[in-house]
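A.B. asks: Following is a predicted model, sequence given first.
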Amino acid sequence: MRTSQFPLNTVKETPADAEIASHQLMLRAGLIRKLAAGLYTWLPLGLRVLRKVEKITREEMDKAGGLEVLMPALQPAELWQETGRWEKYGPELARLKDRHDRDFCLGPTHEEIITDLARNEIKSYKELPLMYYQIQTKFRDEIRPRFGIMRSREFIMKDAYSFHLTQESLQQTYNVMYQAYCNVFNRLGLKFRAVIADSGSIGGAVSHEFHVLADSGEDAIAFSTESAYAANVEKAQALAPDTARAQPQQAMSRLHTPNQHTIEEVCRFLDIAPQQCLKTLIVRGAEAGSLVALLLRGDHELNEIKAEKLDTIATPLQFATEAEIDAACGCKPGSIGPVGLPINIIADYSVMVLADFACGANEDGYHLTGVNWLRDLPEPSQIADIRTVVEGDPSPDGLGRITLARGIEVGHIFQLGTKYSAAMKADIVNEDGKNQTMIMGCYGIGVSRVVAAAIEQNHDDKGIIWPLSLAPFQVALCPMNLHKSERLQAAAEQIYQDMLKAGIEVLFDDRKVRAGFMFSDIELIGIPHRVVLGDRGLDTNTAEYKARNQEATMEIPLPELIGFLQARMA
RNA sequence: CGGGACGUAGCGCAGCUUGGUAGCGCACUUGCAUGGGGUGCAAGGGGUCGAAGGUUCAAAUCCUUUCGUCCCGACCA
């Protein structure tokens, strides 16, 4: 491709409303343009990258035994009503009516559609297991679209759905897909981790997320320093401490702590460490109108996902209002404590080993110190893991300690079970002639998000640094002052043709622009390999080579150029 | 949806407080020079100042409404 026929829509200025590197660079490099909030047009250069992600994904899905289909983006409400998600999904589901006043939605995902397909098309258990997949545009009316392509309202997703007769069969396909996902992200040249995940609103038991590692990632992931353990912090288990509770040393005393509410304030006021403090949060209980107190160590954070899974707590998790707290505890939120608290208490494991701790006195402006279990208050009826892990916690598998990193979720695989197939009566007659609900798995890759994530992970102050497999072009051919030298024109044209013949995806920059301008453009759009041609080089029969991710340049004899590049790209 | 901010040329911004009919940089067009790191000089083209209503002799500027966008919080590939 020649730049004279493939305009690079690069811009020097950073658009004001782009916050993160990938968003800024995608706009500046001319990969995308915004149409409206969360809606983007893919320009020719960007589309080339997107297609590469699709291609690799498609190849690995085919290899894993998937059958490609294409389902409508517009979906009838009836199917969503069957699973109850028409009501449950909330405003993120973009609903609309057709001219006959019938309800439809723009598909944010396709479980209902695929389950409908499966129940109609899969006739015999002998066809199982079976996996369909598609690469489709999804629509989610995000509350707050942001970060460009990273969290847009319309996005491209590869979603796959598998159908099984047995859990063993599902597990088998799940394992195959796990490996297929690793293959995809390895081939894309991205640093990633598969982590144990919460299955969220989609449902199901076993689930892994695939994260591209990047400091700007929206998700925190926890992994072990010693073992392969990795989990989303939402899910990462905090083990019960193995240390014993110390013997009480202090007497319990009630101290006046005017206007000290947060852990930080109370600790500073009383001159104690947050680890010696106990944090009491009040949430709604599962029973209507009931409240539950959650106890955490002062330096720990409540993990809402863990808490919400407990039977006694309302789902979704809701914090009690100040009025409710006042009615139940007789004080405001900053002064609550478990001593004499008249409501049900759930304690995190870590608070059970505390001795001589501080907590609210259930009276505005007062805290207790030197509090001890059994002596001053009974042990709580329920002890559970309700906190978010922190750096240095022991790894749940017993090997090593937890360390935290940021990640961008680009893939998620779930063992759905029968959540959708049961609701939609996707039954099949099994070997014994009995009706059986099919078991399902589902597997997603955020195809368009991968592009943004790749940039987030691979860029510098000059622009994007594409991994070779994602690059819109593999090589940039940059002749200097092409218009001034017929000799150079001939040589450049020949080299360009040779590269095309060798199957190299080359961008021939034949614009009449200055060297610095050209180099800046090529670096901004992130072409991995750059070949500079000049009259000077022709005198010595060499070209200058530079890799985007390295500083040094090399002189390459022209006859060896193609071979050299091929070796570099192998 | 709650909290904050912003809409002036394709992009980035000034002008608004104190009304007087719009400006700068980049980009674009043309010419000359330059020619290995976003080059210089000169000449151009491009804006119903987000929209509607109001106040006024006069509104980008003041008032009201409305639409859009971005940032901070609850959702997710």
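C.D. replies: Perfect, thanks for sending it. Numbers count the residues shown, from 1 in each chain, chains lettered A, B, ... in the order given.
A.B. asks: Can you get me a residue count around the closest residue to RNA strand B within the stretch 301-450 of chain A?
C.D. replies: Residue nearest to RNA strand B within the stretch 301-450 of chain A: A:Gly446 (2.8 Å; CB to the nearest atom of the strand). C-beta: built from backbone N, CA, C; applies to glycine. The local packing of A:Gly446 (other CB atoms under 10 Å) involves 26 other residues.
A.B. asks: Need the nearest residue in space to it, chain neighbours excluded.
C.D. replies: Among residues not flanking A:Gly446 along the chain, A:Val410 sits closest, at 5.2 Å (CB to CB, 6 or more residues apart in numbering).
A.B. asks: Would you check that A:Ile305 makes contact with A:Glu234?
C.D. replies: Yes: look at A:Ile305 against A:Glu234 with CB atoms under 8 Å: they come within range, at 4.8 Å.
A.B. asks: quick one: the helices in the stretch 351-500 of chain A?
C.D. replies: A:419-423, A:447-457, A:486-501 (DSSP state H, counting those that start in this stretch).
A.B. asks: Highest mean neighbour count out of these?
C.D. replies: helix A:447-457 (a mean of 27; mean count of other CB atoms under 10 Å).
A.B. asks: related to what we said a few turns ago, got CSV for the helices of the stretch 351-500 of chain A, with mean pLDDT too?
C.D. replies: Compiled in CSV, the helices of the stretch 351-500 of chain A are given as follows (pLDDT from 0 to 100):
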stretch, mean pLDDT
helix A:419-423, 94
helix A:447-457, 96
helix A:486-501, 96
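A.B. asks: separation between the residue minimising distance to the centre of chain A and A:His208?
C.D. replies: Nearest to the mean C-alpha position of chain A, by CA atoms, centre = their mean, lies A:Glu409 at 1.5 Å. Distance of A:Glu409 to A:His208, given as CB to CB, to the nearest Å: 11 Å.
A.B. asks: Indicate the residue of the stretch 401-550 of chain A located nearest to RNA strand B.
C.D. replies: A:Gly516 (2.1 Å).
A.B. asks: Helices of the stretch 151-300 of chain A, residue ranges please.
C.D. replies: A:167-187, A:263-270.
A.B. asks: is any part of stretch A:155-174 close to RNA strand B?
C.D. replies: Yes: residues of stretch A:155-174 contacting RNA strand B under CB under 7 Å from any atom of the strand: A:Phe155, A:Met157.
A.B. asks: Kindly report the same for stretch A:540-555.
C.D. replies: Yes: Stretch A:540-555 reaches RNA strand B (CB under 7 Å from any atom of the strand) through A:Glu544, A:Lys546, A:Thr553.
A.B. asks: By neighbour count, which of those wins?
C.D. replies: A:Lys546 (19 neighbours).
A.B. asks: and the helix or strand harbouring that one, what other elements does it pack with?
C.D. replies: Under the criterion of DSSP states H and E, A:Lys546 resides in strand A:542-547. Other elements packing on strand A:542-547 under the criterion 3 or more CB pairs under 8 Å, 6 or more residues apart in numbering; DSSP states H and E are strand A:529-533, strand A:553-557, helix A:561-569.
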